[in-house]
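Undergrad: coords please:
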Amino acid sequence: MADAMDFLARAMLIGTGATVVMDVWGMVRKHLLGIPSLDYALVGRWLGHLASGRLRHDRIAASPQVVGERVIGWAAHYLIGIGFAGALLAIFGLGWARQPTIAPALMVGIGSVAAPFLVMQPAMGAGIAASRTPHPWAARLQSLLTHAVFGVGLYAAGWIVSLVNS
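TA: Numbers count the residues shown, from 1 in each chain. Below is the predicted model of the structure:
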């Protein structure tokens, strides 16, 4: 029971921390490079329509708005981050959380790019790995960089949590 609670607490803290790092990266990227961050209201819109049975959209931005879509999208964003932190701990164990190393965190962070490439982007009308966007390779590179930053965030948050819990 104690290990399960430790697992859950660490997954929540590490996932939240890593997602914050990813969001800060998005703000820096927007400020320095003029590249806008993902509008999480669109994620909420997709989830709202998913609840009513619609999985795929030609263009999610053109689909009808859903009540509370921004809150839904941001909550999902953080819950997904926590879920990937949980996957990291499930694969590499609580030992990793007690003594974090960068390689497992980067593997999970970079591996998490499969979710937008294979699920979110196709379902929201952007095609597999952003193939239906005006600049697919630029979108792919930005997704890959963002998820690598998430991996760095997993490591950094794991390191901080390990210091607090030692």
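Undergrad: Every contact and neighbour count from this point should use C-alpha atoms.
TA: Noted.
Undergrad: quick one: buried residues of the host helix or strand of L42?
TA: Counting by DSSP states H and E, the element that carries L42 is helix 40-51. By neighbour count on 16 or more other Cα atoms under 10 Å, the buried set for helix 40-51 is Y40, A41, L42, V43, G44, R45, W46, L47, G48, H49.
Undergrad: Turn these into JSON lines, columns for distance to I102 and pLDDT.
TA: What follows is those, written out as JSON lines (distance: Cα to Cα, whole Å; pLDDT from 0 to 100):
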{"residue": "Y40", "distance to I102": "28", "pLDDT": "96"}
{"residue": "A41", "distance to I102": "31", "pLDDT": "96"}
{"residue": "L42", "distance to I102": "32", "pLDDT": "95"}
{"residue": "V43", "distance to I102": "29", "pLDDT": "96"}
{"residue": "G44", "distance to I102": "31", "pLDDT": "96"}
{"residue": "R45", "distance to I102": "34", "pLDDT": "96"}
{"residue": "W46", "distance to I102": "33", "pLDDT": "96"}
{"residue": "L47", "distance to I102": "32", "pLDDT": "96"}
{"residue": "G48", "distance to I102": "36", "pLDDT": "95"}
{"residue": "H49", "distance to I102": "37", "pLDDT": "96"}
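Undergrad: I figured R29 hits I35, correct?
TA: Yes. The pair R29 / I35 is scored as a contact, 5.9 Å apart, by Cα atoms under 8 Å.
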